[in-house]
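Participant: What shape does this take:
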Amino acid sequence: MAARGAPEAPPLPLPVPFRAPRSRPQSRSLFGHVPALRLSAPAPAVSTATAERAVPGRQGAPLAEAALAEAAPSPGEWEWVSDRPSLRPPCLGALSYYSRHGRDPAFTEAGPGRRFRDLHARHLRLLEWPDRPHDALSVPGEPGKRYHLILPSFFHLLDTLHRDGRAFAVVFRTFGTDLPRVLQAVSCALDGQHPQFPALRDVALSVDLTPGQIRCSKKEVVLTRGAERLATREDRRKLYNYFSSFEGIGGFQDHFDWWARNQFSSRGGKPLWIDPHDPDIHHIFIDDNIRLDDGDTIVHPQVFFEQGSSSPRSVPTSALYNICLVQTNLLEAIADEDYFLRCVRRCEENYDRYLACVEKDTPNEQWDGQ
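Facilitator: As a prediction, this is how the structure comes out:
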């Protein structure tokens, strides 16, 4: 969860875009756009930040946001409707604690959030680093403990897609300044240095350690990385083509100030372009800040509805939810190694249905997100 007024400090890294042909989904190329999923606070204090501060519930965000209650008429009174955190309200009228009280550094330590203290501790234990300290892949926590910098479920996804023979690329997208460290960590893992995933050395994906930038304005979106520079002023399809031909693993810092100037709404979010007339390509954006409320979400989805068009139309998050947009459940991503793999497979199944709807000229069919 990005704190309003400060660049986002994503907790753990995830992949997003992917692609494959219509009739043979397994051959579609996948392109994963993911936040820089890490377990440390934003730089420059990366080396001194503790993993506990980024685990759901510790700095208020994900666990407080997933804790659902119903606000009573009297200020400060809540009636809890569920003791199980969830991304979506379990009933009408339910609100997240976070939506009313914001980021609470001690949410699980006292008050109404104390009921989730054991849940927080259990997930923190799951994040403990299992081997000798690794400067790139682990981060220090409380005395004598280290934690994964990147969620193991992310590396399990890379390993499985590789073993399944899938064509895919990963683009890290963050508002923060963590890209150099995250890209270096992934490079080390693909070099066979991760003790839980030694087979990643066989994954033939290059890692570009040069972070890029994406900057937005009313007139255009500009992408730069090293000597590369692309802008959408004359042709808004340029960046779609760029990401659809992306190879390996890389990362871009998105435009936090633009998001803030647009009141943290979809309009100012990280841009994502989708072309349903290009069925060999499937872009998937995975981010814990994606929400069905377009006034409070982090991605700006745009679809080329007309074949060959260079002018996409903005669509609501609900139109692509669990098709090209995945709201990460961080607790599940920590506890279940197959979590991201299931997310990708569900998106692929839904994408086939979405493409069929586009062919029938009914692209606005809504999905229930299940």
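Participant: Can I get stretch 294-302 in PDB? Just the C-alpha atoms.
Facilitator: Taking C-alpha atoms only, stretch 294-302 is exported to PDB below (Å, rounded to 0.1, in the frame of the first residue of the first chain):
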ATOM      1  CA  ASP A 294     -11.300   3.700  -9.700                       C
ATOM      2  CA  GLY A 295     -11.000   6.700  -7.400                       C
ATOM      3  CA  ASP A 296      -8.500   4.800  -5.300                       C
ATOM      4  CA  THR A 297      -6.400   2.500  -7.400                       C
ATOM      5  CA  ILE A 298      -2.900   2.400  -8.900                       C
ATOM      6  CA  VAL A 299      -3.100   1.300 -12.600                       C
ATOM      7  CA  HIS A 300      -4.600   3.200 -15.500                       C
ATOM      8  CA  PRO A 301      -5.800   0.500 -18.000                       C
ATOM      9  CA  GLN A 302      -6.400   1.500 -21.600                       C
END
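Participant: Can you tell me, leaving aside adjacent residues, what's nearest to the residue nearest in space to the middle of the chain?
Facilitator: The residue lying closest to the centre of the chain (CA atoms, centre = their mean) is D287, at 2.1 Å. Nearest residue to D287, sequence neighbours excluded (CB to CB, 6 or more residues apart in numbering): P35, at 5.0 Å. Every residue, glycine included, has its C-beta placed from N, CA and C.
Participant: so that neighbour touches D288, yeah?
Facilitator: Yes: when contacts are counted by CB atoms under 8 Å, P35 is listed as touching D288 (7.1 Å).
Participant: how close does the residue nearest to the centre of the chain get to G269?
Facilitator: According to CB to CB, to the nearest Å, D287 and G269 sit 9 Å apart.
Participant: quick one: the strands in the stretch 1-150 of the chain?
Facilitator: Remark: strands assigned in the stretch 1-150 of the chain by DSSP state E, counting those that start in this stretch are 19-20, 28-34, 68-71, 78-80, 95-96, 138-140, 146-148.
Participant: Any stretches of the chain with poor pLDDT?
Facilitator: In the predicted model, the chain carries pLDDT under 70 at residues 1-27, 36-78, 362-370.
Participant: per the record, what domains does it have?
Facilitator: 19-51+149-359, 56-126 (automatic domain parsing).
Participant: With distance to V139 as extra columns, can I get the ones you listed in a markdown table?
Facilitator: Conversion of the domains of the chain to a markdown table gives the following (distance: least, CB to CB, whole Å):
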| stretch | distance to V139 |
| --- | --- |
| domain 19-51+149-359 | 5 |
| domain 56-126 | 13 |
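Participant: Would you tell me which one of the ones you listed is buried the most?
Facilitator: domain 19-51+149-359 (a mean of 19; mean count of other CB atoms under 10 Å).
Participant: So for F246, which of the strands of the stretch 1-150 of the chain sits nearest?
Facilitator: strand 28-34 (6.2 Å; CB to CB).
Participant: mind checking which helix or strand the closest residue to S217 other than its chain neighbours is in?
Facilitator: Once flanking residues are discounted, S217 sits nearest to W258: 7.3 Å by CB to CB, 6+ apart. Take DSSP states H and E as the rule and W258 turns out to sit in helix 256-261.
Participant: So for P180, what's the nearest residue that isn't a sequence neighbour?
Facilitator: P211 (6.1 Å).
Participant: That neighbour and L183, how far apart?
Facilitator: Going from P211 to L183 by CB to CB gives 7 Å.
Participant: hey, what's in contact with both of the two?
Facilitator: Common neighbours of P211 and L183, counting by CB atoms under 8 Å, 6 or more residues apart in numbering, are G251.
Participant: which residues touch stretch 299-318?
Facilitator: Stretch 299-318 is contacted from outside by 235-237, 240, 266-277, 285, 287, 290-294, 297, 319-320, 324-325, 358, 363, 366-367, 369, using CB under 8 Å, 6+ apart.
Participant: In strands only, show me the residues you listed.
Facilitator: The strands, defined by DSSP state E, take in 270-274, 285, 287, 325 from the contacts of stretch 299-318.
Participant: With distance to D338 as new columns, can the residues you listed be given to me in TSV?
Facilitator: Formatted as TSV, these follow (distance: CB to CB, whole Å):
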residue	distance to D338
K270	26
P271	30
L272	25
W273	29
I274	26
F285	20
D287	19
L325	20
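Participant: ok, so of those, who is nearest T224?
Facilitator: Comparing those against T224 with CB to CB places P271 closest, at 14.3 Å.
Participant: which residues sit in contact with the closest one?
Facilitator: 214, 216, 221, 239, 299-300, 302.
Participant: So what sits opposite it in the bridge?
Facilitator: H300 (DSSP bridges).
Participant: any idea how far it lies from K238?
Facilitator: Per CB to CB, P271 is found 12 Å from K238.
Participant: do H33 as well
Facilitator: Distance of H33 to K238, computed by CB to CB: 17 Å.
Participant: next one: D294
Facilitator: According to CB to CB, D294 stands 25 Å off from K238.
Participant: what's the answer for R88, then?
Facilitator: Counting by CB to CB, the gap from R88 to K238 is 35 Å.
Participant: Give the residues shared as contacts by D287 and G269.
Facilitator: Counting by CB under 8 Å, 6+ apart, the common neighbours of D287 and G269 are 298-299.
Participant: which residues touch the closest residue to R261 other than its chain neighbours?
Facilitator: In this structure, R261 finds its nearest non-sequential neighbour in G268, 6.3 Å apart by CB to CB, 6+ apart. Counting by CB under 8 Å, 6+ apart, G268 makes contact with 216, 255, 258-262, 300.
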